[in-house]
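S.K.: okay, here's the prediction I keep looking at, along with the sequence it came from:
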Amino acid sequence: MINAGIIGLGRWGQNLVNSIQGKSEKIRVVAGATRTRAPEAVEYAKKQGFPLVDSAAILLADPKVDAVILATPHSQRVELISAAAKAGKHVFTEKPLTLTSSEAAACLKVCADNKVTLGVGYNWRFQPALQEIKRMLEDGRLGILQHIEGNFCGPSVYRYGPEHWRLQRNEGPAGGMTGRGVHVVDAMLYLAGHIDNVYAQSYRRTLDYGTDDTTSMLFKFKSGATAYLGTVIATAETWRLQVCGSRGWAEVGDVQHLTTWTLRTCFFDPANPYVHPQPQTLSFPDTSTERAELENFADAVREKRPLGLAGGDEEHNVTALEAILESAAKGVTVKVA
C-alpha cells in the first residue's frame, strides 16, 4: 500500500481522495496540506481519516508519506514537484504537468535525478472506450488513421468568480485548454502520436474578465493525420471525440465526462461505398478513471519505474500548449518542438 499525502483539497482534490480512500488496495491518503485550512477542508480531512497540516513542507517531511498528490494551481507545481522529489517523495500531479516546456523539462529531470516516479493526471487514457479505439487502430479495424475531431466545453466561467485562480490568464492561458482541452490533446497523442504543427485562435467573447472563453485549433501530426479541437468555457456542458479511419469511424461523447463512456462505431466496405451501414454501440463496465490512474501510479512506484519521461507525451502536451499560445497570439501556424 502506497501512503500518499495530498496537497490541495478543493473540489478536484477531494474527488481524487474520494476515488481511492477505502476503495483501493494499492494507494491511500494518510495526510493533507492546504494553503488556507478552510473549515470545509478541515472537516473533510477529518471525515476521510487523515490529518491536515499547515504547509507542504511539513507534509514532505513526514516519513509516513511515500508519495504526494498535487491538486494545486498550475503555477505552484514546479516548486512543489522539485521539493517533493528532493525529499524523496514520488509525485502524482494534476494536468498539465506545467505551463512551459522549460518547466516541464526541469520537473522531469529533478524526478529522474532523485529516482522518484512522476505521474500526470490524464485520466481519459483509462477509459475502456478510448482504449478500445486504440486497439481498433492497432489491429486495423479502423484502417489508416486520417482525422480526429474533438471538443470539451462547459460553463466554467459561470462556476468561478472573477478572482478564482482558474480564470486568471497566468493560470489558464488559451481559455479552457488547461482545464479541459489538454485532456483532448492527450487523447489525440495517445491515438495519433506527436503533433508536428498547430494553427490556433483564442478569444474572449462572453465575459469581460479573466481568460479567453472560446479557443479552437487545427493540428497536423507527424504521422500525417490531422485533427480539430475546440473548447468553449461559456456554454452548456458537452464533449466529443470522433476518430476517422480509412475503414470507418469511432466516436465517444456526452454531457458528463466522468462517467464510463459508451462507444459508437461505424465500419464500411470500400468495395461497396454506396451501402450505408448503421452505427453500432458498445458499452463497458463502470470504471473510475481517477482510481485507475492513481493505482497505475502506485504500481509504477512499487515497480520503481518512471511514468513521465523526457520527450514523452506529458512533456509534448506542454510543448503543444506553448505552440497553441504562440499561434493564437501571432495568427500563424507554429511548429511544435
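M.R.: Nice, I can see it. Residues are numbered from 1 along each chain as shown.

S.K.: can you map out the helices along the stretch 51-200 of the chain?
M.R.: Assigned by DSSP state H, counting those that start in this stretch, the stretch 51-200 of the chain shows helices spanning 56-60, 77-86, 101-113, 128-138, 156-159, 181-192.

S.K.: mean confidence for the shortest one?
M.R.: For helix 156-159, mean pLDDT is 84.

S.K.: could you check how far it is from the centre of its chain?
M.R.: Taking Cα atoms, centre = their mean, to the nearest Å, the mean C-alpha location of helix 156-159 is offset from the chain mean by 19 Å.

S.K.: quick one: which of the helices of the stretch 51-200 of the chain is nearest residue 208?
M.R.: Distances from residue 208 to each of these were compared by Cβ to Cβ, and the smallest falls on helix 156-159, at 10.7 Å. Using the backbone N, CA and C atoms, a C-beta is placed for each residue, glycine as well.

S.K.: which strands and helices sit next to the closest one?
M.R.: Helices and strands touching helix 156-159, by 3 or more Cβ pairs under 8 Å, 6 or more residues apart in numbering; DSSP states H and E: there are none.

S.K.: which other helices and strands contact the helix or strand where residue 299 lies?
M.R.: Assigning secondary structure by DSSP states H and E places residue 299 in helix 289-303. Packing partners of helix 289-303 (3+ Cβ pairs under 8 Å, 6+ apart): strand 2-7, helix 11-20, strand 27-33, strand 67-70, strand 90-94, strand 118-121.

S.K.: check residue 172 and give its pLDDT.
M.R.: Per-residue confidence at residue 172 stands at 72 (pLDDT).

S.K.: tell me the contacts of it?
M.R.: When contacts are counted by Cβ atoms under 8 Å, 6 or more residues apart in numbering, residue 172 touches 74, 166, 178, 179, 210, 211.

S.K.: excluding its backbone neighbours, what's nearest it?
M.R.: Spatial nearest neighbour of residue 172, chain neighbours left out: residue 211 (4.4 Å); criterion: Cβ to Cβ, 6 or more residues apart in numbering.

S.K.: the one you found reaches residue 203, doesn't it?
M.R.: No - here residue 211 does not reach residue 203: they are 10.6 Å apart, not a contact under Cβ atoms under 8 Å.

S.K.: which parts of the stretch 201-337 of the chain are helices?
M.R.: Under the criterion DSSP H, counting those that start in this stretch, the stretch 201-337 of the chain contains helices at 289-303, 313-330.
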